[in-house]
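Q: Dropping a prediction and its sequence here:
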Amino acid sequence: MAKQSAVSWEKTDLVEKYTELDKTRKEVYDRIYTEQWAMNETIHFNEWENFTPEDYTPVVEAFQDLFDLFLCGSCGRMISLAKSDNKITNVRCPCETINWNIVKKTHP
């Protein structure tokens, strides 16, 4: 939504930034999907499936990277939706280092 908003406002620098963020998000989601098998195997007790810490390292890293997608690199806090007049207007963190406008420009 932020990328679509940036396109409507003709903010090409933000479009590029959001495109890169989306690429990173897709890579993280792909890793989560790839490592999901280990979680499925160990959630239920399977005597034949004994994993070592080394087996879990990629799983933990993938899920940490997923969690990091929702954290601000400056303040370390979670990003959240901000509203104005009961409408979601942007995604931001408390320090506003992340402040993604999601309102599209309306043309007269």
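A: All right, it came through fine.
Q: helix, strand or coil for residue 20?
A: Following DSSP: H, G, I helix; E, B strand; the rest coil, we place residue 20 in the helix state.
Q: Find the centremost residue of the protein, please.
A: Geometric centre of the chain, nearest residue: residue 69, 3.5 Å, by C-alpha atoms, centre = their mean.
Q: need the contact list for that one.
A: 24-25, 28 (C-beta atoms under 8 Å, 6 or more residues apart in numbering). From N, CA and C alone the C-beta is placed, and that goes for glycine too.
Q: Which of these sits closest to residue 74?
A: The nearest member of those to residue 74, counting by C-beta to C-beta, is residue 24 at 17.1 Å.
Q: How many residues are close by the closest one?
A: 13 (other C-beta atoms under 10 Å).
Q: for this structure, what are the low-confidence residue spans?
A: 38-50, 108 (pLDDT under 70).
Q: One more pass at 80, please.
A: 35-53, 55-56, 107-108 (pLDDT under 80).
Q: Show me where it has its strands.
A: Secondary structure of the chain by DSSP state E: the strands cover 80-84, 87-92, 99-101.
Q: Compare those and report which one is nearest to residue 12.
A: strand 99-101 (14.4 Å).
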